[in-house]
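1. Fold the following, please.
(one chain, ligands or ions: 1)
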Amino acid sequence: MDGTVRTRFAPSPTGFMHIGNLRTGLYAYLFARHNGGRFILRIEDTDRERMVEGAEDMVYRTLATAGMDYDEGPDKGGEYGPYVQSERAGIYREYAEKLVELGGAYYCFCTKERLESLHGENGTHTYDRHCRDLSREEVRARLAAGEPYVIRQKVPDGVVSSYRDMVFGEISVASEDIEDGVLLKSDGMPTYNFANVVDDHLMGITHVIRGTEYLSSTPKYNLIYDAFGWERPQYMHLPPIMKDASRKLSKRYGDANFEDFVSKGYLPEAVVNYVALLGWCPKNNAEKMTMKEMIEQFDVDGISVSSSIFDEAKMRWLNGEYLKAMSEEEFFSVSAPWIAKADPDGRFDQREISRLMQTRADVLGDIPEKIAFLNEFGRYDLGMYEHKKMKMDVEVAKRAVKVAISAVEGLDVWTEDSIRTAVCLAAEKEGMKSGQVMFGMRVALTGQPSTPGGAMEMAVVLGKDESLRRLRFSDALLRE
Ligand code: GLU
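-> Residues are numbered from 1 along each chain as shown. Purely as a prediction, here's the structure:
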């Protein structure tokens, strides 16, 4: 290797991609790009029982949507493939056998029954190293006889395995606390414990970036690097993202799925931006950042050792900032499908609705509900006209709606300004407060207690004909 930084994202296709997985991949991506290095995707599918159909495609889709382009991967190729672990079975076997030769591993023929008999009170057991010192001849004979076996790590006696994690600092584990764990299973598949080492080495990974669940097993993995005589990578372990004070986000419980957020109307770039902030604070304290800015700013010093809590309210806020910062045209292109949900026949002016929504929706998925009044209009509760502070009641509303109708029915130009001018003039002539007329008009136009805008905005969105139809309907309703 030539000193180029190489990081990898190694998801297991066992379900959807939750925000915590995505963040691990994102940091590996940002770190590689920040250092002008390469970012590699590897699919870890050796646990065949936990595989979920379609999950691998979801990984590709998610990375594409999130804007995390990788340089090497199953669908991209690269010099160090294959990049799917199930296609590397021969490689793991070869290296497991090599490790046996090197004295770092051994064949174990213990039966399931024997292993079960080792169970302690709490149901777990530590392997008693029964096969650790079998003679070469015996091993050869038992292999030749076709006895099933696994290959186990031969953890050296009396050493302390230490390394310096880039986030957590010095981590040490004494070898007496490390089990001679299985590296190659009887079905010939490697365990994660073995595959991660072989792959990271062969793929030239310089920095291993992953969750803290591996922080304390890494000394064990390092003993494998040492036994092979391989250079160890650097490690960056990341604290968990919590659902609340006591529970980690988990795909098992359907928590915080990236694709769900996108289908609920979050912008992928806003989710990615928010995810980046879960456990990392850039030096300039920026919150809203493009991918390019995150790449520039990314540095390990800003990564926190404590867990962070996933706060959807904060993500909503950030998403709203992204929406507000868009040009009118850009916002229209992303909001149009959501507007169409509430107005499928295009009866209303979609551009006006889009303009109205840009500052009022934090998430695009809020739009249909906010504009439901476009399609839903009928008899409503007249109590909505009551407003103490504005001195509004049904009697005042009757007058207000009349004034509104007379003010706007002759208008040729239908804009917020022209409607406002006409309504204010008419209110003054009738000796009413314009605020009262506007309030009455807004209720009369929508039949809703709260609306995403005032009377003028509602009238413009509805258009002149529909506005007048609704004002007349309300006038009649008030007089029943
Ligand atoms: N497949 C492992 C996981 O999804 C990856 C761990 C690692 O990055 O080494 O947790």
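
2. now the strands for this structure?
-> For the chain, the strands defined by DSSP state E cover 6-9, 38-41, 105-108, 150-153, 160-165, 169-174, 182-184, 207-211, 234-238, 241-242, 308-309.

3. anything in the fifth one near the ligand?
-> No - contact between strand 160-165 and the ligand, assessed by CB under 6 Å from any ligand atom, is absent, since the two come no nearer than 13.6 Å. C-beta coordinates here come from the backbone N, C-alpha and C atoms, glycine included.

4. Pull out the buried residues from that strand.
-> Of all the residues in strand 160-165, those buried under the rule 16 or more other CB atoms under 10 Å are 161, 163, 165.

5. ok, those residues vs residue 13, which is closest?
-> residue 165 (27.1 Å; CB to CB).

6. Isn't the closest one up against residue 215?
-> Yes - using CB atoms under 8 Å, residue 165 is in contact with residue 215, at 6.6 Å.

7. who touches both of those two?
-> With contacts defined as CB atoms under 8 Å, 6 or more residues apart in numbering, the residues adjacent to both residue 165 and residue 215 are 171, 237.

8. tell me which residues of stretch 119-134 are tucked away?
-> 127, 131, 134.

9. Could you count how many residues lie near residue 401?
-> Residue 401 has 27 neighbours, counted by other CB atoms under 10 Å.

10. quick one: pLDDT of the spatially most distant residue from the centre of the chain?
-> Centroid-distance maximum for the chain: residue 429 at 57.3 Å, with CA atoms, centre = their mean. For residue 429, the model assigns a pLDDT of 96.

11. picking that back up, now, the buried residues of stretch 119-134 that are in helices?
-> Among these, none falls in helices (DSSP state H).

12. ok, of those, which one's closest to residue 34?
-> For those, the nearest to residue 34 is residue 127 (41.9 Å; CB to CB).

13. doesn't residue 154 make contact with that closest one?
-> No - the pair residue 127 / residue 154 is not scored as a contact, 11.3 Å apart, by CB under 8 Å.

14. shared neighbours of those two, which are they?
-> Counting by CB under 8 Å, 6+ apart, the common neighbours of residue 127 and residue 154 are residue 180.

15. got a list of what the residue nearest to residue 189 when sequence neighbours are not counted touches?
-> Once flanking residues are discounted, residue 189 sits nearest to residue 46: 4.9 Å by CB to CB, 6 or more residues apart in numbering. Residue 46 is in contact with 85-86, 189-192, 195, counting by CB under 8 Å, 6+ apart.

16. Which one of those is nearest to residue 92?
-> In terms of CB to CB, no member of those lies closer to residue 92 than residue 190, at 4.0 Å.

17. Quick one: neighbours of the closest residue to that closest one other than its chain neighbours, just the number.
-> Leaving aside its sequence neighbours, residue 190 sits nearest to residue 92 (CB to CB, 6+ apart; 4.0 Å). By other CB under 10 Å, the residues close to residue 92 number 24.

18. Now do the contacts for residue 92.
-> If a contact means CB under 8 Å, 6+ apart, then residue 92 has 184, 189-190, 194-195, 198 as its contacts.

19. And residue 197, by the same measure?
-> Shown in contact with residue 197 (CB under 8 Å, 6+ apart): 221, 224-225.

20. Quick check on the residues you listed: which are buried?
-> Counted by 16+ other CB under 10 Å, the contacts of residue 197 give 221, 224-225 as buried.

21. Tell me which residues touch the nearest residue to residue 59 once chain neighbours are set aside, please.
-> In space, not counting the residues next to it along the chain, residue 59 is nearest to residue 11; the distance is 5.3 Å by CB to CB, 6+ apart. Neighbour list for residue 11: 17, 21, 25, 43-44, 59 [criterion: CB under 8 Å, 6+ apart].
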